[in-house]
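Peer 1: With the input below, show me the fold.
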Amino acid sequence: MWYIFPVGAVILGLVAYSMVKKQNVTMWQAAPASIKVLVWLSALLNPIFGGVTMYYILRKNYPEIAKKANSITFVAFGIWIVFWIITAFVLSNT
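Peer 2: Now for the predicted structure:
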């Protein structure tokens, strides 16, 4: 069941890429909210697979969006680390 997160992150990344390509968005600030939400969801579901998918798919044609997606991935990875530290602390005290 654990494989749902990486698979979901990759699928969301591919959907976000198709939306960026279809709408021909080159700047992060000009991107619609739906693309921004998909990038965040992809990174939060699984920072490694979601971030890699978004960055490497977008880096040649949409470098600014790829850099922003990469930055979001680092933030999401930090959120995951904090979440797992809190979870380990709570579970160790029970």
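Peer 1: residues in contact with F77?
Peer 2: 47-48, 51 (CB atoms under 8 Å, 6 or more residues apart in numbering). Any C-beta I mention is one placed from the backbone N, CA and C, and that applies to glycine too.
Peer 1: what about 7 Å?
Peer 2: With contact taken as CB atoms under 7 Å, 6 or more residues apart in numbering, F77 is in contact with P47.
Peer 1: does it sit in a helix or strand, and which one?
Peer 2: Using DSSP states H and E, F77 maps to helix 63-92.
Peer 1: and the angle for the helix or strand where Y17 lies with helix 63-92?
Peer 2: Using DSSP H and E, Y17 sits within helix 4-23. Per axes from the mean of the first three to the mean of the last three CA atoms, to 10 degrees, the angle that helix 4-23 makes with helix 63-92 is 160 degrees.
Peer 1: Give me the buried positions along helix 4-23.
Peer 2: 5-6, 8-10, 12-13, 16-17, 19-20 (16 or more other CB atoms under 10 Å).
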